[in-house]
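Student: Prediction below, plus the sequence it came from.
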Amino acid sequence: MKKWIPHYDSSWDMSPQFVCFNDDCPYYVKGWEWMREKYNQHASYRHRFDPQTGDSGPLPVAAPEAHTGGIVEDDE
């Protein structure tokens with residue numbers, strides 16, 4: 001999982017979270033088919049964890065590169 005900061009106009013605060021950006025992750029891979037079958041949408045989701053609240057769940061994505069701009073290195 002990589003440290004990730006939500007975009008400034010999201011509904012989350014700007015506190016770092018952790019997101020799985022592994023494109024081979026079964027959760028992400030299977031999400032494409034599930035979203036197409038259930039909602040007829042070209043979308044998936046990545047696993048997200050908020051260490052401040054302990055909350056975890058899906059981070060919706062419409063493309064593999066979605067949200068990658070929020071990835072931060074450990075020294076940032």
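Tutor: Here it is on my side, so go on.

Student: Isn't T68 up against V19?
Tutor: No. Applying Cβ atoms under 8 Å as the test, T68 and V19 come out as separate, 9.3 Å apart. For every residue, glycine as well, the C-beta is placed using N, CA and C.

Student: ranges for the helices of this protein?
Tutor: Counting by DSSP state H, the chain has helices at residues 26-39.

Student: Strands along that one, start to end?
Tutor: Using DSSP state E, the strands of the chain run over 2-4, 17-19, 44-49, 56-61.

Student: what's the closest of the ones you listed to Y28?
Tutor: Y28 lies closest to strand 44-49 among those, at 5.4 Å (Cβ to Cβ).

Student: Not counting that closest one itself, show me its contacts.
Tutor: 1, 4, 17-21, 25, 27-29, 31-32, 34-35, 55-61, 67 (Cβ atoms under 8 Å, 6 or more residues apart in numbering).

Student: what about burial for these, which qualify?
Tutor: Buried members of those, counted by 16 or more other Cβ atoms under 10 Å: 4, 17, 19-21, 28, 31-32, 35, 59, 61, 67.

Student: pLDDT and distance to H42 for those residues - can I get that in a markdown table?
Tutor: Shown next, in a markdown table, are the buried ones among the contacts of strand 44-49 (pLDDT from 0 to 100; distance: Cβ to Cβ, whole Å):
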| residue | pLDDT | distance to H42 |
| --- | --- | --- |
| W4 | 96 | 22 |
| Q17 | 95 | 24 |
| V19 | 98 | 20 |
| C20 | 98 | 20 |
| F21 | 97 | 19 |
| Y28 | 98 | 14 |
| G31 | 97 | 11 |
| W32 | 97 | 8 |
| M35 | 96 | 8 |
| L59 | 96 | 16 |
| V61 | 97 | 10 |
| H67 | 94 | 16 |
